[in-house]
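In: from the sequence below, what's the structure:
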Amino acid sequence: MTYECSKCGEPKPSGEFHESPHKDRTRSVTSWCRECRSETYFKRRYPNSVCNICSRHRHLDKNNTCQKCNAQRGLRECNECREILPTELMFYGRKKVCKQCNPSQRRQTKKEILNEPRLTLEQRGMKLCVHCKEEKSKAAFAAKDICIQCEPAARRRRQDHHLRTKYGVTLEWYEKTLSGQDGGCAICKTNNPGAGKQYFCVDHDHETQKPRGLLCSRCNQGLGYFKDSVALLMVAVAYLNRFKK
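Out: Below is the predicted model:
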């Protein structure tokens, strides 16, 4: 049985139409044929998908040619490797792929690969960097699992994690605060963090847990010994002034 498409006006068999969702109507198929519906969809969704041969909006291959024009020329696109090949080189299974990409052929290739002996990273003299996830030679590693190139970024990430988890501040806050203190301790102005440390101590209020500034190890311990008490510090100042000549 043939029906006329209301868009292109061509009479076509019922197989060229979609089944109508309205079962109670006299016409059991849609008013537009499959080709016109597909073209309208691609024209609305992909306005630049125009075939180089028929100039219609359709699904295109890498050569900007639709499947229908390829079929007229005896060609087809492999769904696996996306190569445009003659139809005699195609394997028409559940997945329309070429004979080279045939699943049975891939299984044989996979068997051969699995049977080949595989060398570990240790046997190849390589290591995997846990930061950039790249395989590199052992000479490119400064630490245990981090390469020399990733060491500065990994150190910053560790410091940022430490500041966030222990003091609730970020590395950006640390760098901004240190720059505001002229790169030194907020009390004694020294540039040496002390106690063999690379970074200054984050001084915080023990009651509110809010950070106050950056101190060297000696000043931070001194405030801790005086229990952050201004009264005790004033008594200590008066004591020193009493014996001062």
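
In: C-alpha from now on. contacts and neighbour counts both.
Out: OK.

In: after the longest helix belonging to the chain, next one along is what?
Out: Counting residues, the longest helix found in the chain (DSSP state H) is helix 151-167. Per DSSP states H and E, the first helix or strand lying C-terminal to helix 151-167 is helix 171-180.

In: got the buried residues for that next one?
Out: Buried positions in helix 171-180, judged by neighbour count with 16 or more other Cα atoms under 10 Å: 171, 174, 177-178.

In: hmm, back to that, mind listing residues that contact the longest helix of the chain?
Out: Helix 151-167 is contacted by residues 131, 142-143, 146, 169-171, 202, 204, 209-211 when judged by Cα atoms under 8 Å, 6 or more residues apart in numbering.

In: one step back: which one of the buried residues of helix 171-180 is nearest to M90?
Out: M90 lies nearest to L171 out of those, by Cα to Cα, at 58.6 Å.

In: filter the contacts of helix 151-167 down to the buried ones.
Out: Buried by 16+ other Cα under 10 Å: 146, 169, 171, 202, 204, out of the contacts of helix 151-167.

In: in CSV: those residues, plus distance to Q67.
Out: Below are those laid out as CSV (distance: Cα to Cα, whole Å):
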residue, distance to Q67
I146, 50
V169, 59
L171, 56
V202, 67
H204, 69
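
In: how close does N52 get to S217?
Out: N52 sits 74 Å away from S217, going by Cα to Cα, to the nearest Å.

In: count of neighbours near the residue lying closest to L128 once chain neighbours are set aside?
Out: In space, and not counting its chain neighbours, L128 is closest to E135: 4.5 Å by Cα to Cα, 6 or more residues apart in numbering. Residues near E135, counting by other Cα atoms under 10 Å, number 15.

In: who touches E135 in this structure?
Out: Each residue near E135 by Cα under 8 Å, 6+ apart is listed here: 126-129.
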